[in-house]
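Chemist: sequence unknown, structure follows:
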């Protein structure tokens, strides 16, 4: 029976400290929802989880980029739908002006509306979306992700220009319905413009279809990466709750046993007396 060194108490204290540390770690996991309470718990998992988290953040940004490009293309088509209506009316006015029973004075009445529609189409050609010209022959690119070497992966959207030959230029500069001859020329130019408009709207529709597919793909990848990140970083509450209850019991029993270990040396007093 030893008084100076209470090995039982020392062992009980060490075990209690370990149980207390495990209880605190379990408490932190449950309170934060994170499986990795400290980087020492899973250094590799923490690093992989951080990479997943960064990639998910980039995908969210890419999805926002694609969404903006979808809005851009929808705005394009909205304006072109109005231009289509204007061109249809202009072709109607040109056809009416080819009527030989009408005088040039009559045609001047058609010319007034025709000129206003010309101005409308010309103004549409200069519209922009957040400072970016809506109708240009230049192809716009949108970033949809990043490659393994870190560079951005982009897709190009074919541009739609309202200033190409035989389109706005032919309609607004050299077209008139003031005479029967000029009305016939105007009708030909407008038919060419309508064909070009149909082609541009078809291209915008194709762009929108591609963008929707890209957005869906990004969403699927983002969801899968988020699930992978969750398996690494997020705590299983049911499992950790069971572990928390276990550590609580160990701390309580360890505390009781430490108290008993501290009482044992007092039995030596009976031998001395």
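Modeler: Looks like it arrived, so ask away. What you are looking at is a predicted structure, and each value in this text was computed from that prediction instead of being measured. Residues are numbered from 1 along each chain as shown.
Chemist: For the stretch 51-200 of the chain, just list every one of the strands.
Modeler: 128-129, 132-133, 140-146, 152-157 (DSSP state E, counting those that start in this stretch).
Chemist: low-scoring pLDDT stretches of the protein, where are they?
Modeler: Applying pLDDT under 70 to the chain flags residues 1-5, 147-154, 158-159, 161-175, 265, 268-269, 271-273.
Chemist: Which residue ranges make up the domains of it?
Modeler: Taking automatic domain parsing as the domain assignment, the ranges for the chain are 7-33+236-272, 43-233.
Chemist: How far away from the center of its chain is the last one?
Modeler: For domain 43-233, the gap between its own C-alpha mean and the chain's C-alpha mean amounts to 21 Å (Cα atoms, centre = their mean, to the nearest Å).
Chemist: for the strands of the stretch 51-200 of the chain, which one sits closest to residue 223?
Modeler: strand 140-146 (14.5 Å; Cβ to Cβ). Quick note: C-beta positions are derived from backbone N, CA and C, even for glycine.
Chemist: Neighbouring strands - and their directions - for that closest one?
Modeler: According to DSSP bridges, strand 140-146 forms sheet pairs with strand 152-157 (antiparallel).
Chemist: thinking again about what came up before, could you export the domains of the chain as JSON lines, including mean neighbour count?
Modeler: Conversion of these to JSON lines gives the following (neighbours: other Cβ atoms under 10 Å):
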{"stretch": "domain 7-33+236-272", "mean neighbour count": "14"}
{"stretch": "domain 43-233", "mean neighbour count": "16"}
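Chemist: re the thing from before, quick one: closest of the strands of the stretch 51-200 of the chain to residue 8.
Modeler: With Cβ to Cβ as the measure, strand 140-146 is the member of the strands of the stretch 51-200 of the chain nearest residue 8 (60.3 Å).
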